[in-house]
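# let's see this in three dimensions:
(one chain, ligands or ions: 1)
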Amino acid sequence: MYKTLLTDLTDNILTVTIHRPDKLNALNKDVIAELGEVVTEIYDNKEIRSAIITGSGGRAFVAGADISEFQGLTREEGQALSAKGSDIFFRIASSPKPIAAAINGFALGGGCELAMACHFRLCVATAKFGQPEVNLGLIPGYGGTQRLTQLIGKGRALEIMLTGRMVEATEAHVMGLVNYIVTEQDELLSKTRELLSIINDKAPLAVARIIECANIAAGDGIAYSETGDWEADPFGGDAPTSHAPTSHARGRHKSGSDNPTAPGSPGSVNGFLREQAAFGECFGTEDMQEGAAAFLEKRKPHFKGK
Ligand code: COA
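Residues are numbered from 1 along each chain as shown. Okay, the predicted model is just below:
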């Protein structure tokens with residue numbers, strides 16, 4: 001039971017609604033802590049195949065970190081706040097189960113960063129994006145300088161972060177910041193569910209490995225492969241793998257300079273080599289055999305996550 005989040009698990013899709021509508025769902029300490037808990041739930045609950053993060057009310061997805069908690073923070077406390085939020089956002093990006101952001105309004109500051117940590121983004125036509133921290137004498141602190149640059153390129157990212165301006169949904173779509181725009185609020189969750197349902201029908205172990213390899217390409221998430229922290233099967237099967245399960249795969253990771261594969265240490269993992277190994281791992285799964293057999297037998301495959 002959460003204080004600041006509403007959750008609903010239907011058809012193996014967990015919908016997480018950040019619920020502080022009177023404060024435009026700003027990320028205060030409680031929301032951040034509970035987001036950490038719900039990410040662990042997404043990793044651990046085998047009933048959950050994918051998840052949606054959205055905001056409560058018709059105005060905002062998330063209007064940023066809660067500015068009222070900023071006053072009086074020391075330099076060390078500011079850094080610790082950034083590290084805590086970033087850690088949770090890394091766990092979102094690294095989730096072996098797809099997580100989609102359904103952006104129902106303002107996605108500003110930490111809200112834009114939360115959306116970018118998700119694997120893809122859908123929004124309503126009235127949504128507005130931005131990294132307005134510079135207006136407060138601040139910079140994005142939950143991975144925004146990195147993920148915005150990855151997603152839309154350095155020139156456009158710098159312009160948005162340095163001016164602090166808002167970006168309309170249509171411009172965000174053209175830039176590649178969002179995957180789909182829906183015209184009506186009430187279409188947002190159904191369109192997002194539709195997209196996740198397509199992925200939920202695929203082989204979970206292949207889905208997880210595609211996310212992992214794409215994260216390596218983007219310099220994002222947690223590099224399971226080199227730390228050996230890849231869970232054999234986050235869905236309850238027993239796919240053979242050379243990597244032993246550890247707490248990493250449950251959504252925890254070492255961050256900082258002690259971790260040679262920490263996010264942001266480019267070149268530490270060769271994505272092409274990891275892809276080759278992951279491709280091989282898929283051949284050791286029942287699901288890959290089932291997928292190939294179903295194609296040859298001209299029938300729909302039935303994947304089990306094994
Ligand atoms: N932190 C804390 N409270 C916030 C907030 C944030 N990031 N964003 C909005 N709120 C609160 C407002 O203080 C207000 O609370 P109140 O009713 O108790 O005064 C409430 O949410 C509604 O916001 P309000 O500013 O009155 O709505 P608006 O329609 O006039 O403006 C925004 C909407 C999004 C343009 C404006 O709220 C805003 O600029 N928010 C901050 C965005 C930001 O800088 N985010 C990055 C933070 S690092």
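# show the contacting residues for the nearest residue to residue 220 once chain neighbours are set aside.
Among residues not flanking residue 220 along the chain, residue 93 sits closest, at 5.0 Å (Cβ to Cβ, 6 or more residues apart in numbering). In this view, the C-beta of every residue, glycine as well, is placed from N, C-alpha and C. Applying Cβ atoms under 8 Å, 6 or more residues apart in numbering, we find residue 93 in contact with 117, 118, 119, 215, 220, 221, 222, 263.
# so which of the residues you listed sit within helices?
With helices taken from DSSP state H, the overlap with those comprises 117, 215.
# kindly reformat the contacts of residue 93 as CSV containing neighbour count, distance to residue 178 and pLDDT.
Converted to CSV, the contacts of residue 93 look like this (neighbours: other Cβ atoms under 10 Å; distance: Cβ to Cβ, whole Å; pLDDT from 0 to 100):
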residue, neighbour count, distance to residue 178, pLDDT
117, 27, 14, 98
118, 21, 11, 98
119, 23, 13, 98
215, 23, 19, 95
220, 23, 17, 91
221, 22, 20, 82
222, 27, 24, 71
263, 24, 23, 47
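# count of neighbours near residue 166?
17 (other Cβ atoms under 10 Å).
# pLDDT at it, what is it?
With respect to pLDDT, residue 166 has a value of 98.
# can you check the one 10 residues further on too?
What the model reports as pLDDT for residue 176 is 97.
# contacts only, for it.
Residue 176 touches 151, 152, counting by Cβ under 8 Å, 6+ apart.
# from the ligand, how far off is it?
22 Å (Cβ to the nearest ligand atom, to the nearest Å).
# check residue 124 too.
On the measure of Cβ to the nearest ligand atom, residue 124 and the ligand end up 15 Å apart.
# wait, that residue touches residue 169, no?
Yes. If you go by Cβ atoms under 8 Å, residue 124 and residue 169 touch, sitting 7.0 Å apart.
# any shared contact partners between the two?
By Cβ under 8 Å, 6+ apart, residue 124 and residue 169 have these common neighbours: residue 181.
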